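Asker: this one's sequence-less:
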């Protein structure tokens, strides 16, 4: 059992005086500012992950003369998180055939999935770090 001396709110005060002590707390949130910070974090994360993913995917991209790999630099929209390889044969060589290892020893079918399997955890870390940085933390 606590003694009166251990309860500073009770010492020297009457019951009515103890009941009269009250705290009033008002919390106001600026939802527009919160949303803007979140959106800034998302935009920062999307761009950073897209840039890294594009580099990692191109590590496994098939290379003959380099046009396929080069097309990704102009066809991709990293700010929007869209990666693309734009040649007449891009879709066919992504899914079918046997990748030549002459120019790129890491070349594989479905090179983005291969990159994701190898680097996906790193992309998640980049996303988290950039999200926090973009929010202004």
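Answerer: Received the coordinates, thanks. All values derive from a computational prediction rather than experimental measurement.
Asker: show me where the chain has helices.
Answerer: 15-20, 31-59, 67-75, 90-95, 111-135 (DSSP state H).
Asker: any regions of this protein where pLDDT drops low?
Answerer: 1-20 (pLDDT under 70).
Asker: rerun at 80
Answerer: 1-22, 137 (pLDDT under 80).
Asker: of all the helices of the chain, which one is nearest residue 105?
Answerer: Among these, helix 31-59 comes nearest to residue 105, with 10.4 Å by CB to CB. From N, CA and C alone the C-beta is placed, and that goes for glycine too.
Asker: which secondary structure elements does that closest one contact?
Answerer: helix 67-75, helix 111-135 (3 or more CB pairs under 8 Å, 6 or more residues apart in numbering; DSSP states H and E).
Asker: next, the angle helix 67-75 makes with the last one.
Answerer: Right, the one you point to is helix 111-135. 30 degrees (axes from the mean of the first three to the mean of the last three CA atoms, to 10 degrees).
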